[in-house]
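1. sequence first, predicted model second:
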Amino acid sequence: MKLVILFGPQAVGKMTVGQHLAAKTKMKLFHNHMSIDLVSSFFDYSTPAGKRLVNLIRREIFEEVSQSDLEGLIFTYVWAFDLQSDWDYIEQVAALFESRGGTVYYVELEADMEQRIQRNKTENRLQHKPTKRDIQWSEKDLIETHEQYRLNSLPGELQKTNYLRINNTDLDAEAAAEMIVTRFAL
């Protein structure tokens, strides 16, 4: 069992890279908005009920996948490096898979703000993430989140054996996915 945690700021390309990675491997993609958008039909993600339900859905998916005969899972996540709770969450998810003999791969994406603002409007993103279709709100949220949190790691901050950082500002999703496949022999 493999778990690829694909993380970085909003609109950096996590889902799109994950789609290409899933197509190149037998792994399943579980992008973070699959749970957020489901719950958002009932409760805003910023509410206690919304957060609880999103976490419940994710936990149950991780639980089932980690003990299944699937090849692996690609999970996308916006990791705020200045929040201990985000570090703890990633450690819990990784520990679950590792406790069942799985291998965890950490892939960090980074891109400049101008590129992320452009990607925030792509057809693929809007098709798969209904809560991002209000472009004005989504762009404002992207900028405010960037100002409020540190969404990429500092050099040397992540001390993981299976770690890859990709600046995909000028790199398409297909090429980024190929780099991941090659680096980790997926």
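-> Alright, I've got the coordinates.

2. go through the helix or strand of the chain at the bottom of the mean pLDDT ranking and flag the buried ones.
-> The helix or strand with the lowest mean pLDDT-type score in the chain, counting by mean pLDDT, DSSP states H and E, is helix 123-128 (a mean of 79). Using 16 or more other Cβ atoms under 10 Å as the test for burial, helix 123-128 gives 125, 128. C-beta: built from backbone N, CA, C; applies to glycine.

3. then stretch 137-154?
-> Buried residues in stretch 137-154, counted by 16+ other Cβ under 10 Å: 138-139, 142, 146, 151-153.

4. which residues touch that stretch?
-> Stretch 137-154 is contacted from outside by 8-11, 78-83, 108, 110, 113, 116-117, 120, 131-132, 165, using Cβ atoms under 8 Å, 6 or more residues apart in numbering.

5. filter the residues you listed to the buried ones?
-> Buried by 16+ other Cβ under 10 Å: 8-11, 78-81, 108, 110, 116, 120, 131-132, out of the contacts of stretch 137-154.

6. what helices and strands are in contact with whatever helix or strand residue 108 lives in?
-> According to DSSP states H and E, residue 108 maps onto strand 103-110. Here strand 103-110 touches strand 2-7, helix 14-24, helix 84-99, strand 163-167, helix 173-184, going by 3 or more Cβ pairs under 8 Å, 6 or more residues apart in numbering; DSSP states H and E.

7. which of those sits closest to residue 50?
-> Nearest to residue 50 among the helices and strands packed on strand 103-110 is helix 84-99 (15.9 Å), distances taken as Cβ to Cβ.

8. for that closest one, packing partners?
-> So helix 84-99, by 3+ Cβ pairs under 8 Å, 6+ apart, packs with strand 2-7, helix 48-66, strand 103-110.

9. what packs against the longest one?
-> Right, the one you point to is helix 48-66. The contact analysis (3+ Cβ pairs under 8 Å, 6+ apart) places helix 48-66 against strand 28-30, helix 33-40, strand 72-77, helix 84-99.

10. out of these, which one sits most buried?
-> Neighbour counts (mean count of other Cβ atoms under 10 Å) averaged over each of these peak at strand 72-77, with a mean of 24.

11. which one is the residue nearest to the spatial centre of the chain nearest to, not counting chain neighbours?
-> Nearest to the geometric centre of the chain sits residue 76, at 1.6 Å (Cα atoms, centre = their mean). Using Cβ to Cβ, 6 or more residues apart in numbering and skipping the chain neighbours, the partner closest in space to residue 76 is residue 14 (3.9 Å).
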